[in-house]
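Q: need a 3D model of the sequence below.
(one chain, ligands or ions: 1)
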Amino acid sequence: MTRKRILIVEDNLLNLELATDLLLANGFAVFSAQTAEEGLRMAREISPDLVLMDLGLPGMDGLAAAKALKANPATRHLAVVGHSAHAMKGDKEIALSAGCDGYLTKPIQTRTFAETITRFIASASERQTTSSPR
Ligand code: MN
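A: Residues are numbered from 1 along each chain as shown. Here you go, the predicted model:
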């Protein structure tokens, strides 16, 4: 089984470190970027199985970055999960309408985080195999 590749786009170093540690401990290959621009570049280069996109980033925010990923034919197939501390009603809908395939709220739940990521990857690949050929 090949290791699933996760690109974490996150400007908060504590969150980045925690997410990275949890994913590495569960056998994922982890890449990270601290700005949307760097994240977009890395997404093109790495073509990860999933992009965990912090929605609150300095400069270009995560919603704009998710839109950019889905607007680019080179990256639109990538699974993108919006990650945000905002748990207000409507935030999930905003993330999904920006092109995110899923939405996850912070804080990171250490016991279930890796499993949650695994489930997002599974449902994203299910969607791809049931959709018409690209
Ligand atoms: Mn942030």
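
Q: which residue ranges form the strands in this structure?
A: Taking DSSP state E, the strands of the chain run over residues 5-9, 29-33, 50-54, 79-84, 102-105.

Q: who's in contact with stretch 35-48?
A: 5-7, 9, 11, 31, 33, 51, 53, 57-62, 64-65, 68-69, 72, 74-75, 78 (Cβ atoms under 8 Å, 6 or more residues apart in numbering). From N, CA and C alone the C-beta is placed, and that goes for glycine too.

Q: please pick the buried ones from those.
A: By neighbour count, with 16 or more other Cβ atoms under 10 Å, the contacts of stretch 35-48 hold 5-7, 9, 11, 31, 33, 51, 53, 57, 61-62, 65, 68-69, 75, 78 as buried.

Q: just for the chain, where's the confidence low?
A: For the chain, residues meeting the criterion pLDDT under 70 lie at 1, 131-134.

Q: which residue ranges form the helices in it?
A: 13-25, 36-46, 62-71, 91-97, 113-130 (DSSP state H).

Q: and the residue nearest to Ala71 when sequence neighbours are not counted, how far from the ion?
A: Nearest non-adjacent residue to Ala71, counting by Cβ to Cβ, 6 or more residues apart in numbering: Gly99, 7.9 Å away. Going from Gly99 to the ion by Cβ to the ion, to the nearest Å gives 18 Å.

Q: next: Asp21.
A: 18 Å.

Q: what of Lys4?
A: According to Cβ to the ion, Lys4 and the ion sit 23 Å apart.

Q: can you check Ala68 too?
A: Counting by Cβ to the ion, the gap from Ala68 to the ion is 17 Å.

Q: what parts of this protein come near the ion?
A: Residues of the chain lying near the ion by Cβ under 5 Å from the ion: 11, 54, 56.
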